[in-house]
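In: just to be clear, the model below is a prediction. Sequence and coordinates:
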Amino acid sequence: MPSGELPRGETPKSLTLKDGTSIAYMQYLPQALSAKTPVLVFLHGTGEIGTDVSLTMVHGPWKYSRANPDEAPFIILAPQLTQKVEWNPATLDEWLDQALKGLPVDRSRLYLTGMSRGGRGTWNWAIAYPKRFAAIAPVAGDSLYRDGACALKDVPVWAFHGARDDLVLYQPEEQFADAVRACGGEVNYTLYPDGNHNAWDAAYTHPSLYTWLLTHKR
């Protein structure tokens with residue numbers, strides 16, 4: 001590897017925020033790394049909470065991105081929660097600022113997705129910082145910020161859920177998606193009729209998801 005070249009593939013990383021909080025995360029760099037590479041941030045669910053950062057790769061866009069580098073040419077960044085708490089938008093935003101440093105990223109093409117607890121985190125982060133992402137894709141999540149729908153009027157959304165989800169019911173998310181539309185927002189909503197809480201199994205193997213993300217820029 002030439003001196004100064006970034007290593008491709010998955011690498012565990014860690015950084016410390018201003019308040020001393022340490023955040024571990026996985027970083028994936030595609031083989032076809034360019035001077036301006038799009039970034040996909042992934043927020044995991046409850047099952048991946050812990051101190052083994054490789055757990056963030058159990059589900060999500062990893063497998064598809066590795067197998068289809070031309071269709072999903074993203075740098076993937078995935079922070080890990082160490083405790084059973086909600087994702088904190090302010091903490092995440094500070095983490096992302098640091099995690100992007102030194103990477104050849106296209107800041108007009110930052111995308112956000114997450115599943116279950118991470119799906120809720122996806123909604124909440126985008127509501128709190130609506131100018132951060134070019135598009136978001138929450139999976140099997142809902143929003144805690146019920147009065148925040150209009151903050152997403154300029155943030156394209158594609159949400160995924162299972163109609164038989166018995167852990168996170170789809171109806172509140174569907175209602176929130178309607179509220180974003182009522183504010184003039186762009187929301188695609190895919191409801192899998194036979195899907196349960198693991199809607200991510202279908203969502204992250206959906207080629208159109210990655211194509212859709214890449215059509216959006218800030």
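Out: Cool, got the structure. Predicted, not measured: the structure shown is a model, and the values here were computed from it.
In: so, low pLDDT: which residues of the protein?
Out: For the chain, residues meeting the criterion pLDDT under 70 lie at 1-5, 143-145.
In: which positions in the longest strand anywhere in it come out as buried?
Out: Counting residues, the longest strand found in the chain (DSSP state E) is strand 105-115. Judged by neighbour count (16 or more other C-beta atoms under 10 Å), strand 105-115 contains these buried residues: V105, D106, R109, L110, Y111, L112, T113, G114, M115. (Each C-beta comes from the backbone N, C-alpha and C, glycine too.)
In: columns distance to A99 on top of those residues, output as TSV?
Out: Shown next, in TSV, are the buried residues of strand 105-115 (distance: C-beta to C-beta, whole Å):
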residue	distance to A99
V105	10
D106	15
R109	16
L110	11
Y111	14
L112	13
T113	16
G114	15
M115	20
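In: thinking again about what came up before, against which helices or strands is the longest strand of the chain packed?
Out: Applying 3 or more C-beta pairs under 8 Å, 6 or more residues apart in numbering; DSSP states H and E, we find strand 105-115 packed against strand 37-43, helix 117-128, strand 135-139.
In: of all those, which one is nearest G162?
Out: Closest to G162 of those, according to C-beta to C-beta: strand 135-139, at 9.5 Å.
In: who does T11 bridge with?
Out: Q27 (DSSP bridges).
In: from D166, how far out is the residue nearest the centre of the chain?
Out: For the chain, the residue nearest the mean C-alpha position is T113 (2.1 Å; C-alpha atoms, centre = their mean). Using C-beta to C-beta, to the nearest Å, T113 is found at 22 Å from D166.
In: just L17 next, same as before
Out: Per C-beta to C-beta, L17 is found 36 Å from D166.
In: between the two, which has more neighbouring residues?
Out: Neighbour totals were compared for L17 and D166, and L17 leads with 14 against 8 (other C-beta atoms under 10 Å).
In: where does the closest residue to that one other than its chain neighbours fall, secondary structure wise?
Out: In space, and not counting its chain neighbours, L17 is closest to E94: 5.3 Å by C-beta to C-beta, 6 or more residues apart in numbering. Secondary structure from DSSP states H and E places E94 in helix 89-99.
In: in that helix, what counts as buried?
Out: Going by neighbour count (16+ other C-beta under 10 Å), the buried part of helix 89-99 is P89, L92, E94, W95, L96, A99.
In: need these in a markdown table (columns: distance to T11).
Out: Output for these, formatted as a markdown table (distance: C-beta to C-beta, whole Å):
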| residue | distance to T11 |
| --- | --- |
| P89 | 25 |
| L92 | 20 |
| E94 | 21 |
| W95 | 16 |
| L96 | 17 |
| A99 | 12 |
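In: any residues touching stretch 24-36, and which ones?
Out: Stretch 24-36 is contacted from outside by 6-15, 37, 51, 53-54, 56-57, 62, 65-66, 69-70, 73-80, 82, 95, 99, 103-106, 109, using C-beta atoms under 8 Å, 6 or more residues apart in numbering.
In: so which of those are in helices?
Out: Per DSSP state H, helices hold the following members of the contacts of stretch 24-36: W62, S65, R66, W95, A99.
In: which residue packs closest to the fourth one, ignoring adjacent ones?
Out: Here the nearest residue to W95 in space, its sequence neighbours aside, is I23; by C-beta to C-beta, 6+ apart that works out to 5.1 Å.
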